[in-house]
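Colleague: when you get a sec, could you give me coordinates for this:
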Amino acid sequence: MIATRFRPLVLLPALALLLQGQVMPPSPADIYGPLFEAVQAAQIFPDGKTFADAVPREDPKAILAAYARDKPVGKAALTAFVLRHFSVRGDAQGKPPLRARIRELWPVLGRAPFAAVAGSSALGLDHGYVVPGDRFQEIYYWDSYFTMLGLKADGQTPLIEAMLADFVDLVERYGHVPNGTRTYYLSRSQPPFLALMMDLSDNRDPALAKRRLAALIREHDYWMAGADCLDASGACRHVVRMPDGSLLNRYWDARDTPRDESWREDRETAAKAAPRAATIVQRDLRAAAESGWDFSSRWLTDPMRLETIHTTDIVPVDLNSLMWIAETRIAARARALGDTATAQRFSALATRRKAAIDRYLWVAGEARFADWDRIAKRPTPARSAASLFPLFAGLASAEQARAVAATTRATLVGEGGLRTTGIRTGQQWDAPNGWAPLQWIAVEGLARYGEQALAKDIARRWIATVARTYAETGKLLEKYDVEERKPGGGGEYPTQDGFGWTNGVTAAMLERWPDLTPPVQGSGQ
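Modeller: Residues are numbered from 1 along each chain as shown. Got it, this is the predicted structure:
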């Protein structure tokens, strides 16, 4: 039916008189005429009542004018038109707009302080906090930084301060921030983002600044404790001696038993690795969990076999970039407090670390930053989004940044965002999956070095993926397939809903680039 065959809002005379006499407003069929008939005839919605109950987003006259102008033909075009101009009940599009939904989720994912219960694995916390969601009902270390980006964008300052207080408490209690607030996570940490979390705080109290600086130094001591026990093997705890004698860090776990939370899986993986000792394999599995990339071909000798994991043999570029950030932030905070000796010490540590990163983790011939295999004494072949961490940190040169940007554009940018790696293995931290924290690392790092177009393009692709899945499912997820723009897969457990760091990164990106706000969303009513 052609839209130009009717006059908007002109009713049949008899019907008009009837409605006028009984003071009855027109029905949707009366108002929208051929548009209503076209939608119902095409069965856009399984239940005909759905469109009859739809709420217009604008004046009906404007909608009818748009229908006459656009002339949508076919089910797909009609569906797109309806969802653009109406809020529809019973469909994901009838949910709040994506940005509004993220704001709604903060109290849903928020948790109150609580005391530990004897016999429970949960570590008590004295301040409020936000969990990732679904199976992850405790605070997680590196997740929290990306969650806090969204809290910052949404003006949730008290919650940011509360979470920072929790993290400082954890360092004071245990000497480090554990992987998560469970007793079975205490033997390891996660990528150290505490210094960057503190950058999000607006609190300038001098006493608190001293306490936070002390926590950063103590956390740094935790990561560098292995420097005192280095032997001929060249590694102890989290510390690795490089060929020139410089010190860099690796992921490591103080235990070599199966993880409590994945006991059966770790036992099975270790059994497949024989004759390698089960304790070695289990520590490598734990170390990968500390990296946050559990699991990825980054840590595997054979990318298709998890039992070839050797995480503790690898000097990772992401961890050492974050350690450099911590050292520079400690130096700056010490300087601000008048502690010149501490400032000088950590500035020197940062200078030495940068030199080692440039020497061992930069692969000029392949235009990428890489992880280093301390046993093979060469960069690993794994090409991953971790290569962007030096840009995020600001320790790359302009030339290195241009090269990494070109490599990223050519190898890691997928239809729906940044791929984690370029290889499909079935592991969740490999292609085709993309993860919110790595999108942010890439976008921030590229923008820092003037690669604004590529940074915004990655953000646009990512937001479109998140928005599409939200429209289809009503959920924000832990990870996404950025090649087919759908929920991600792989790993030890189903894709989780919630989801703290996806919410945080998406909110922060939309705060920076409001024009990337998805055009098709719910009414927000």
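
Colleague: ok, residue 253 touching residue 280?
Modeller: No - the criterion here is C-beta atoms under 8 Å, and residue 253 misses it with residue 280 at 11.7 Å. All C-beta atoms are positioned from the backbone trio N, CA, C, and that covers glycine.

Colleague: now do the helix or strand hosting residue 392: which elements does it pack against?
Modeller: Assigned by DSSP states H and E, residue 392 falls within helix 389-393. Helices and strands touching helix 389-393, by 3 or more C-beta pairs under 8 Å, 6 or more residues apart in numbering; DSSP states H and E, are helix 317-336, helix 398-411, helix 436-448.

Colleague: so which of these is nearest residue 54?
Modeller: Nearest to residue 54, of all the helices and strands packed on helix 389-393, is helix 436-448, at 32.2 Å by C-beta to C-beta.

Colleague: next, the buried residues of the helix or strand following the closest one.
Modeller: Once the chain leaves helix 436-448, the next helix or strand it forms, by DSSP H and E, is helix 452-473. Of the residues in helix 452-473, 454-471 count as buried by neighbour count, 16 or more other C-beta atoms under 10 Å.

Colleague: try stretch 356-364
Modeller: By 16+ other C-beta under 10 Å, the buried positions in stretch 356-364 come out as 356-358, 360-363.

Colleague: can you tell me the centre-most residue of this structure?
Modeller: The centroid of the chain falls nearest to residue 436 when counting by C-alpha atoms, centre = their mean (2.4 Å).

Colleague: in the protein, which ranges drop under the pLDDT threshold?
Modeller: Applying pLDDT under 70 to the chain flags residues 1-24, 89-94, 519-525.

Colleague: my guess is residue 96 meets residue 104, correct?
Modeller: Yes - with contact defined as C-beta under 8 Å, residue 96 counts as touching residue 104 (6.3 Å).

Colleague: tell me which of these two has more neighbours.
Modeller: The neighbour count for residue 96 versus residue 104, taken as other C-beta atoms under 10 Å, is higher for residue 96 (18 against 13).

Colleague: let me know the secondary structure of the more buried one.
Modeller: Counting by DSSP: H, G, I helix; E, B strand; the rest coil, the backbone at residue 96 sits in coil.

Colleague: show the backbone phi and psi for it.
Modeller: Phi and psi for residue 96, reported as degrees, to the nearest 10, are phi -60, psi 160.

Colleague: out of the buried residues of stretch 356-364, which sit inside strands?
Modeller: Using DSSP state E, the subset of those located in strands is 362-363.

Colleague: I'd say residue 324 and residue 354 touch.
Modeller: Yes - counting by C-beta under 8 Å, residue 354 is a contact partner of residue 324 at 6.1 Å.

Colleague: quick check: neighbours shared by those two?
Modeller: Shared contacts of residue 324 and residue 354, defined by C-beta atoms under 8 Å, 6 or more residues apart in numbering, comprise residue 395.

Colleague: quick one, which of these two is more surrounded?
Modeller: Counting neighbours by other C-beta under 10 Å for residue 324 and for residue 354 shows that residue 324 has the greater number, 23 against 19.

Colleague: quick one: contacts for the closest residue to the more buried one other than its chain neighbours?
Modeller: In space, and not counting its chain neighbours, residue 324 is closest to residue 353: 5.0 Å by C-beta to C-beta, 6 or more residues apart in numbering. Neighbour list for residue 353: 246-248, 320, 323-324, 327 [criterion: C-beta under 8 Å, 6+ apart].

Colleague: distance of the nearest residue to residue 165 once chain neighbours are set aside from residue 287?
Modeller: Leaving aside its sequence neighbours, residue 165 sits nearest to residue 127 (C-beta to C-beta, 6+ apart; 4.5 Å). Separation of residue 127 from residue 287 (C-beta to C-beta, to the nearest Å): 29 Å.
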